[in-house]
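Engineer: here you go, sequence then predicted model.
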Amino acid sequence: MTKLTVIAGPTAVGKGTVVRHILASHPEVNLSISATTRKPRPGEIDGVHYFFVSEERFDEMVANNELLEYAVVHKTHRYGTPRKPVVEAIASNEQIILEIDLQGARLVKTAMPEANLIFIAPPSWEELGRRLAERGTETAEQIAVRLDTAKAEMAAQGEFDHVVINEDVAKCAQQVLELMQA
């Protein structure tokens, strides 16, 4: 059983929803909390959903090799995975999930080849666009940027160990969990 699972996929595919579903029913699975330079969305809590940091603090984290991976996402903000909690979880024989973007998944696979990479795909391109629009968290311009990014992400799914289609959250979460435990 691989202790490190990377979950990635295009924007609005439901990665976070699938991961939350797994965490709610499997307390033995831990989620790595990413650092980001973006501002919190309504309801997001620092240290729970993300570590919200300044550009300067993010630069320090990069310079001090505190991040396992990091990238600019959607041409706007930086995101990264703090290295220490991941290394500690693996050393403690705990299962840990990283919910990150394509760039980050590639970097983690290079740094930790034993990582299990799972791509969450939408049932269709149209459904992905509908989900993104229904979130109501982005402007039309931001949605266009995210959909451009999503095209590149969808084209890269062959780089992953597994692809799971998120048509139904519970079914998708179960498939991901089975792949984590294989």
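Structural biologist: Cool, got the structure.
Engineer: how about the helix or strand of the chain with the lowest mean pLDDT: buried residues?
Structural biologist: None of the helices or strands of the chain scores lower by mean pLDDT, DSSP states H and E than helix 125-135, at a mean of 83. Buried positions in helix 125-135, judged by neighbour count with 16 or more other CB atoms under 10 Å: 128-129, 131-132. For the C-beta atoms, the positions are set from N, CA and C on the backbone; glycine is no exception.
Engineer: got it, and stretch 151-169?
Structural biologist: 153-154, 157, 160, 162, 164-166.
Engineer: same deal with stretch 71-82?
Structural biologist: Going by neighbour count (16+ other CB under 10 Å), the buried part of stretch 71-82 is 71, 73-74, 78-82.
Engineer: got the CA coordinates for that stretch in CSV?
Structural biologist: Extracted in CSV, the C-alpha atoms of stretch 71-82 (Å, rounded to 0.1, in the frame of the first residue of the first chain):
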residue,chain,number,x,y,z
ALA,A,71,3.5,26.3,-8.8
VAL,A,72,1.6,29.3,-10.1
VAL,A,73,-2.0,28.1,-10.7
HIS,A,74,-4.4,29.7,-13.1
LYS,A,75,-1.8,32.4,-13.9
THR,A,76,-2.6,34.2,-10.6
HIS,A,77,-1.6,32.7,-7.3
ARG,A,78,1.1,30.3,-6.0
TYR,A,79,0.3,27.1,-4.2
GLY,A,80,2.7,24.7,-2.6
THR,A,81,2.9,21.6,-0.4
PRO,A,82,4.8,22.0,2.9
